[in-house]
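Peer 1: structure of the sequence below:
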Amino acid sequence: MSSGKLAIHGGQAVVPKGMVKPWPHITDEDRQAVMEVLADGNILPQRTLQNESLTREWAEYLGVRYCIPTNSGTSALHMAVAGLGIEPGDEVIVPAFTYWASAAAVLHHNAIPIFVDIDPHTYTIDPTKIEARISDRTRAIMPVHIHGLSADMDPILEIARKHSLAVIEDCAQSHGARYKGKLCGTMGDAAGFSTQASKVLTTGSEGGLFTTNDELVHKRAALTQYLGELVVPGRERETQDYNAHGLGWVYRPDVFGQAFVRSQLKRLDANNDWRRKNCAYLTERLQGTPGLSTPYEPEGSHHIYYVYTLEFYPEQLKLDIPTRAFRDRLMEALAAEGVPNTQWQRMAVPSQEVFQAKDGYGKGCPWSCPYSRPGIEYRTEDYPMTNRFVDRNIYLLGIYPPNGEDLMELYVQAIEKVIGQVRELF
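Peer 2: Residues are numbered from 1 along each chain as shown. So this is what the prediction gives:
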């Protein structure tokens, strides 16, 4: 166990400066993949090649029929909403803890997000609370596989079948994660993945992937990608009839990002195994430490650890300190010790201003529009498990390759050092 004066009080940091390597881990193969786009000398054929290749390769990886590369995970989820024929005033059930893009994708199509609290152990939507939120306007459930861990899909799918609802999987943080042997993104009617810079599968910038096994859902989703027209990227002049069949939002990805993510895809499973090994080490060493809890992996789940979560409990250390103040002070102390950490969401999604004001497009739309169900409320107190987690959690960063067990050991030492001298922080 590390000892000595806390770094926040002038002591030596446990983790040397510069030891934590950044993500994404870029290899010569990644550089070559991007350079080949430029080496061609003609970008237009490369646009077609990269798009068609990524479409095929991601569909093959998941074992699904259809894939559409997009410019973000949010647009991929919106394409799922559109593809499933969800209409203005329809309701989609979403967990109260997620990045708000999950709910934004619903609003983008003039539909209404209805929130459900989370399971206190997995932080994914609590299936036991879903049916109470179903109304005659409900059309879909959107489970979010958060932090790289799958939602509990069997009861969710059973509820969906019972009520004739679609299931949209938000897989922004779960590329390669599994639930009872099934890959996330293969269990529902459609799925959206993000390939933004921080994600386990990344373009290095922005991007996303829409997937489905349903031909009609795929066709409708495809219309949103290019202003309501069916267009093959790189073949606009040959395939475009300049006739919009509906609204679209220009959700096409860029060619360089597609080349980069295709290269990264070749190492996805190996990178995920690396993350799992690092996080297993952290859990083994930290489990049982007073004042904190480590991530939970249910039996049958294959967690790929987009991030590593810790929850802090001042009451276990017999400290009469508000939870948020305790958590925030420990974040500062750990950062001073060289342990990169962050606090991702700072409130439940339904507590955010757009839902409290119920004013998405102005004049209260879509809630005030005649096709929406009246009386929808977003009360912060209705989501106690989400509120508790938001108050207590932090994310440890740097758990991805090429960082290894030597760094994880220093993380453990830094955490033990801070917890061991926690009273000196207050």
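Peer 1: so H109 touches L84, yeah?
Peer 2: No. H109 lies out of contact with L84 (CB atoms under 8 Å); the separation is 9.6 Å. Any C-beta I mention is one placed from the backbone N, CA and C, and that applies to glycine too.
Peer 1: mind checking which of the two has more residues around it?
Peer 2: More neighbours surround L84 than the other of H109 and L84, with 26 against 22 (other CB atoms under 10 Å).
Peer 1: mind listing the helices for the stretch 151-300 of the chain?
Peer 2: For the stretch 151-300 of the chain, the helices defined by DSSP state H, counting those that start in this stretch occupy 153-163, 215-223, 236-239, 255-265, 268-286.
Peer 1: mean confidence score for the fourth one?
Peer 2: I take that to be helix 255-265. Mean pLDDT, computed over helix 255-265, is 97.
Peer 1: so which of the helices of the stretch 151-300 of the chain is the most packed in?
Peer 2: helix 255-265 (a mean of 23; mean count of other CB atoms under 10 Å).
Peer 1: just how off-centre is that one within its chain?
Peer 2: Chain-centre distance of helix 255-265: 19 Å, with CA atoms, centre = their mean, to the nearest Å.
Peer 1: by contact count, what packs against that helix?
Peer 2: helix 28-39, helix 43-62 (3 or more CB pairs under 8 Å, 6 or more residues apart in numbering; DSSP states H and E).
Peer 1: same list (these) but as CSV, adding distance to R178.
Peer 2: Putting the helices and strands packed on helix 255-265 into CSV (distance: least, CB to CB, whole Å) gives the following:
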stretch, distance to R178
helix 28-39, 25
helix 43-62, 11
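Peer 1: generate CSV for these, with mean pLDDT and mean neighbour count as supplementary columns.
Peer 2: Output for those, formatted as CSV (pLDDT from 0 to 100; neighbours: other CB atoms under 10 Å):
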stretch, mean pLDDT, mean neighbour count
helix 28-39, 96, 14
helix 43-62, 95, 18
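Peer 1: out of these, which gets nearest to P253?
Peer 2: helix 43-62 (7.5 Å; CB to CB).
Peer 1: which elements pack onto the closest one?
Peer 2: Applying 3+ CB pairs under 8 Å, 6+ apart, we find helix 43-62 packed against helix 28-39, strand 66-70, strand 208-212, helix 255-265.
Peer 1: what's in contact with that helix?
Peer 2: 37, 40, 65-69, 183, 185-186, 209, 211, 232-235, 253, 255, 258-259, 261-262, 265, 268 (CB atoms under 8 Å, 6 or more residues apart in numbering).
Peer 1: who touches R388 in this structure?
Peer 2: Contact partners of R388, counting by CB under 8 Å, 6+ apart, are P120.
Peer 1: centre of the chain to whatever helix or strand it lives in, how far?
Peer 2: If you go by DSSP states H and E, R388 is part of helix 384-392. Mean C-alpha position of helix 384-392 versus that of the full chain (CA atoms, centre = their mean) differs by 18 Å.
Peer 1: run through the strands of this protein in chain order.
Peer 2: Ranges of strands in the chain, per DSSP state E, are 66-70, 91-95, 112-116, 138-141, 166-170, 178-179, 182-183, 190-194, 208-212, 292-293, 301-302, 308-312, 341-342, 393-396.
Peer 1: out of these, which gets nearest to Y123?
Peer 2: Of these, nearest to Y123 by CB to CB is strand 308-312, at 7.4 Å.
Peer 1: state the mean pLDDT of that closest one.
Peer 2: 97.
Peer 1: now swap in stretch 159-178 and tell me
Peer 2: The model assigns stretch 159-178 a mean pLDDT of 98.
Peer 1: now the end-to-end length of it.
Peer 2: 20 Å (CA to CA, to the nearest Å).
Peer 1: buried residues in it?
Peer 2: 159-160, 165-178 (16 or more other CB atoms under 10 Å).
Peer 1: for this protein, name the helix or strand with the lowest mean pLDDT.
Peer 2: helix 236-239 (a mean of 67; mean pLDDT, DSSP states H and E).
Peer 1: how's the chain carved up into domains?
Peer 2: 7-11+268-345+387-425, 28-266 (automatic domain parsing).
Peer 1: how far does the last one sit from the chain's center?
Peer 2: I take that to be domain 28-266. 11 Å.
Peer 1: quote the end-to-end distance of it.
Peer 2: Using CA to CA, one end of domain 28-266 lies 13 Å from the other.
Peer 1: quick one: terminal-to-terminal distance for stretch 127-144?
Peer 2: Start-to-end, stretch 127-144 (CA to CA) is 12 Å.
Peer 1: and what of stretch 120-129?
Peer 2: Termini of stretch 120-129 sit 13 Å apart (CA to CA).
Peer 1: okay, helices next: where are they in the stretch 301-426 of the chain?
Peer 2: Using DSSP H, counting those that start in this stretch, helices in the stretch 301-426 of the chain cover 323-336, 353-357, 384-392, 405-420.
Peer 1: ok, which of those helices comes nearest A104?
Peer 2: Across these, closest to A104 is helix 353-357 (CB to CB), at 8.4 Å.
Peer 1: for that closest one, give me every contacting residue.
Peer 2: Taking CB under 8 Å, 6+ apart as the rule, helix 353-357 contacts 100, 103, 107, 113, 349, 360, 378.
Peer 1: on that earlier part again, let me know which of the domains of the chain is tucked in deepest.
Peer 2: domain 28-266 (a mean of 21).
Peer 1: flag the shaky bits of this structure, pLDDT-wise.
Peer 2: 1-2, 228, 230, 232-240, 242-245 (pLDDT under 70).
Peer 1: for the closest residue to W344 other than its chain neighbours, give me its contacts.
Peer 2: Excluding its sequence neighbours, the residue lying closest to W344 (CB to CB, 6 or more residues apart in numbering) is Y395, at 5.8 Å. For Y395, the contacting residues are 307-310, 341-344, by CB under 8 Å, 6+ apart.
Peer 1: from Y281, how far off is Y395?
Peer 2: 17 Å (CB to CB, to the nearest Å).
Peer 1: what do you get for Q352?
Peer 2: With CB to CB as the criterion, Q352 and Y281 are 36 Å apart.
Peer 1: now M187
Peer 2: 30 Å.
Peer 1: these two touch, right, F389 and Y123?
Peer 2: Yes. Look at F389 against Y123 with CB under 8 Å: they come within range, at 5.9 Å.
Peer 1: now do the shared contacts for these two.
Peer 2: F97.
Peer 1: residues touching the nearest residue to V418 once chain neighbours are set aside, list them.
Peer 2: The shortest distance from V418 to any non-neighbouring residue, by CB to CB, 6+ apart, is to A333 (4.7 Å). If a contact means CB under 8 Å, 6+ apart, then A333 has 6-8, 418, 425 as its contacts.
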